[in-house]
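Chemist: Requesting a structural model of the entry that follows:
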Amino acid sequence: MDSENIKQKILQEIFLTKNAIKEYEELTKPIAPDCAIGRVSRMDAINNKSVVEASLRQAESKLRNLQRVLSQLGTDEFGVCLKCKQPIPLGRILIRPESLFCVNCAQ
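Modeler: Numbering: from 1, shown residues only. The predicted structure follows:
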């Protein structure tokens, strides 16, 4: 697989991740106290907000990693594990383009 196909895969992941971040940001907006949803529903909404905030942080981290990998494309650093300095298998790059570590070092 050539670097242009890999670049397109990374750009596609960046696009999808940015869209997910927008959705998560919308879902994490506070609920107005004057909104009559009931006490139990409000507690449910608070719990759900915590879960969505965690997903938002994860998506933002993924986006940063994708942008980093994209900036390395075409350099000697692209596809090299940050820890062991061995090449990351192409299959892993295609499945998880945001990966900065090989499978062994990621564990």
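
Chemist: longest helix of this protein?
Modeler: Longest helix in the chain, counting residues (DSSP state H): helix 39-72.

Chemist: Which neighbouring elements make contact with it?
Modeler: For helix 39-72, the packing partners by 3 or more Cβ pairs under 8 Å, 6 or more residues apart in numbering; DSSP states H and E come out as helix 3-27. Using the backbone N, CA and C atoms, a C-beta is placed for each residue, glycine as well.

Chemist: Now do the helix it packs on against helix 39-72, angle only.
Modeler: For helix 3-27 against helix 39-72, the angle by axes from the mean of the first three to the mean of the last three Cα atoms, to 10 degrees is 160 degrees.

Chemist: which residues are in contact with helix 3-27?
Modeler: The contact list for helix 3-27, computed with Cβ atoms under 8 Å, 6 or more residues apart in numbering, reads 48-49, 52-53, 55-56, 59-60, 62-63, 66-67, 69-70, 73-74, 93-94, 97-98.

Chemist: how far does it sit from the chain's center?
Modeler: Remark: helix 3-27 is offset 8 Å from the chain centroid, using Cα atoms, centre = their mean, to the nearest Å.

Chemist: Pull out the buried positions in it.
Modeler: Ile6, Ile10, Glu13, Ile14, Thr17, Ala20, Ile21, Tyr24 (16 or more other Cβ atoms under 10 Å).

Chemist: Give the rounded mean pLDDT of that helix.
Modeler: Mean pLDDT, computed over helix 3-27, is 93.

Chemist: what does stretch 85-93 give?
Modeler: pLDDT averaged over stretch 85-93 gives 92.

Chemist: Contacts for that stretch next, please.
Modeler: Under Cβ under 8 Å, 6+ apart, the answer for stretch 85-93 is Met1, Ile6, Gly79, Val80, Cys81, Ser99, Phe101, Cys102, Val103.

Chemist: could you measure Pro30 against Ile21, distance?
Modeler: Taking Cβ to Cβ, to the nearest Å as the measure, Pro30 falls 18 Å from Ile21.

Chemist: ok, now which ones touch the residue nearest the centre of the chain?
Modeler: What sits nearest the mean C-alpha location of the chain, by Cα atoms, centre = their mean, is Lys62, with 2.6 Å. Lys62 makes contacts with Glu13, Thr17, Glu98, as judged by Cβ under 8 Å, 6+ apart.
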